[in-house]
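Novice: Sharing a model prediction with you, sequence too.
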Amino acid sequence: MTSSDEDVRIGSLRRLLSRPDFTALVGAVLVWTTFAVVAGPPFRSLEATAAILNASAPLGILAVAVALLMIGGEFDLSVGSMIGLAGMTLMILTVELGWSLLAAIAATFAFAGLLGAANGFLVVRTGLPSFIVTLGTLFIFRGLTIAGSRTVAGRTQIGGLDEVAGFERAAAVLGSTPVGPFRVSVLWWLTAAAAGVWILRRTRWGNWIFGAGGSAEAARNLGVPVTRVKVGLFISTALAAALVAVIQAVRFTGADALRGELQEFRAIIAVVIGGTLLTGGYGSVTGAVVGALIFGMVRQGIVIAGVDADWFQVFLGGVLVAAVVLNDYIRRRAVRA
Amino acid sequence: MRGGGGEILLEAVDVGKRFGSVVALRDASMSVEAGTITCLLGDNGAGKSTLVGVLTGVHEPTSGQVRVRGQPVVFSSPREARARGIATVYQDLALLPLLSIWRNFFLGSEPTVGRGPLRRLDIRRCQDVARAAVEEIGVEVRDPDQPVEALSGGERQSLAIARALHFGADVLILDEPTASLGVKQTRTVIEAMERARSEGVGVVLVTHNPRHAHPVGDRFVVLLRGEVVADASADDMSLERLTGLMAGEQDSG
């Protein structure tokens, strides 16, 4: 290798191009510009911006945790069901069993964390692909939610959370709109994102996540506690799902056993648009955040532009495939440069 | 001899290893001296990997003994061997291609600063130390943030060697490090081995290629069908003799 000015210039360009989230950042600008032109001023308004961020926040919170898990080399298809399960758990504990909201929230998080740990141990101990294991728990959690709530409460939708003790305080933290039209959930999303970036890029745990996803065997040989890392990641996706469930339950003052359906795939889409590889060991939290943002922009943009909302899925699938093709192409070029 | 005269760091004494009824090693002995390159040669199936496995804790010997600095040891895992300063660089290298040079270098042993929730990687130090360690071994690092997949095969070998040395290996076992490399790449790896030797490390080069081994080795151990058929210093070993021994010819000199 020789060093020269040219090398340095190529080096910094390559560094930019080889960021896993580069395509997502460019894509977000492109999607925004497209809608800003097509849909016009209404898309550029403060209200529309807030609507985009508010709509992106739940998915964004999930995507942060799912990104870390996928970089760690695993999938969690049960996060969507976990949203339904955690929401109904909260409602049953409060409305049916008379717990205070604070205690019920704590119990819901503990329950979700426990199930996340079960997912993790099942994957690590059996050595089976997490895609299959969590496909199983996807159905188990959803079925449990529907059957459980019908058994305990006699119905699969429970409302009336606003009459539970402690609701006002919880609503301020989880369901308010503190700044203009922006919901507090956007703040939770940003906090989760900042924590995710910090953990992945700045801590030993982050390096271990990369290692566990890149090659669990090699990482283990070098002394990385791969089991702890992976179980921890499954716990964090379950907790992210529980946070989304609690936020939504407070916002809608109730829950539905079917809430969160397909969220597992939307989270994976956001993460993959963000440049994380399905094979693990490579990716970015910022990319996943931007991926969720693109999701929200497309959803709101289509409505504001007056396009039939039926086209949303077509557009979304197109963005996904384009992003993956581009990510792959740019990454290969950047390495060869 | 170029190096030599150093302490004996690691030895196999009359080691035998059977897998069921298959005898993979029969009374094999070899020793690794500080500051030398010992070449372990043999054709495929001669027992090289079994002997390396016994020395590094992958296999337990059926008979005989492994000694570290004269002390008999029983390794139950490669990790235990590593804790005693015996590092192995395998062909797959245990490097993660998508991860940067410095993240690979420190994976599993990351230095941190700060406390509690603010405890974080000492990234600047990781980058500087990784760069210095790899450059010491003869590979120029343009950018420690580059992914390992941007490095050539020889550079990856050197990175793995630099990492083993940095984390305190005093015996370094390289399993076929030049098998899939071109001439220039091989040169890079050989330079790295020579640097390690000059720092007093006992290097073991495992190979089936006498032409790679002969120019760098201080000592040559030749295995044939599980037995050591020659153990000689460089002065007593011509390339012709080495090649002949590996092919199973009767030793004349």
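Specialist: In hand now; what should we look at? The structure presented is a predicted model; accordingly, all values stated were derived computationally and were not measured.
Novice: for chain A, what are the nearby residues on chain B?
Specialist: Within chain B, the positions lying close to chain A (Cβ under 8 Å from any Cβ of the partner chain) are B:78-79, B:92, B:94-99, B:103, B:106-110, B:112, B:119-121, B:123, B:139-140, B:142-143, B:145, B:147, B:149-150. In this view, the C-beta of every residue, glycine as well, is placed from N, C-alpha and C.
Novice: how about 7 Å then?
Specialist: Residues of chain B that fall close to chain A, judged by Cβ under 7 Å from any Cβ of the partner chain: B:94, B:96, B:98-99, B:103, B:107-110, B:112, B:119-121, B:140, B:142-143, B:145, B:147, B:149-150.
Novice: Any of the residues you listed buried? List them.
Specialist: Using 16 or more other Cβ atoms under 10 Å in any protein chain shown as the burial test, these include B:94, B:96, B:98-99, B:103, B:107-108, B:110, B:120-121, B:142-143, B:147, B:150 as buried.
Novice: Looking at these, which is nearest A:Val321?
Specialist: Nearest to A:Val321 among these, counting by Cβ to Cβ, is B:Leu98 at 21.9 Å.
Novice: What are the contacting residues of the helix or strand containing A:Val314?
Specialist: Here A:Val314 is covered by helix A:312-336, with elements defined by DSSP states H and E. Helix A:312-336 is contacted from outside by A:14, A:17-18, A:22-24, A:27, A:269, A:272-273, A:275, A:294, A:298-299, A:302, B:147, B:149-150, using Cβ atoms under 7 Å, 6 or more residues apart in numbering or on different chains.
Novice: returning to that earlier point: now, the residues of chain B next to chain A that are in helices?
Specialist: Using DSSP state H, B:Arg103 are the members of the residues of chain B next to chain A that sit in helices.
Novice: Just the strands from chain A, written as ranges.
Specialist: With DSSP state E, the ranges of strands along chain A come out as A:157-159, A:254-256.
Novice: List just the one of these that sits closest to B:Ser49.
Specialist: strand A:254-256 (59.1 Å).
Novice: Pairing partners for that closest one, with directions?
Specialist: strand A:157-159 (antiparallel) (DSSP bridges).
Novice: Distance from the chain centre to the partner strand, please.
Specialist: Counting by Cα atoms, centre = their mean, to the nearest Å, strand A:157-159 is centred 25 Å from the centre of its parent chain.
Novice: Which positions within it qualify as buried?
Specialist: For strand A:157-159, a neighbour-count test (16+ other Cβ under 10 Å) marks A:Ile158 as buried.
Novice: and it, average pLDDT?
Specialist: Average pLDDT, strand A:157-159: 95.
Novice: quick revisit: what about the contacts of helix A:312-336, which are in helices?
Specialist: A:14, A:17, A:22-24, A:27, A:269, A:272-273, A:294, A:298-299, A:302.
Novice: Buried subset of these, written for ChimeraX?
Specialist: Selecting only the buried entries of those in ChimeraX, with 16+ other Cβ under 10 Å as the criterion:
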select /A:14,22,23,24,27,269,272,273,294,298,299,302
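Novice: just the ones in helices among the contacts of helix A:312-336 now: which is nearest A:Leu68?
Specialist: A:Val272 (14.0 Å).
Novice: Contact partners for the closest one?
Specialist: By Cβ under 7 Å, 6+ apart, A:Val272 lies in contact with A:Leu278, A:Leu320, A:Val324.
Novice: Tell me how far the last one lies from A:Ala28.
Specialist: When you say that, I think you mean A:Val324. In this view, A:Val324 and A:Ala28 are 16 Å apart by Cβ to Cβ, to the nearest Å.
Novice: likewise the second one?
Specialist: Taken as Cβ to Cβ, the spacing of A:Leu320 relative to A:Ala28 amounts to 14 Å.
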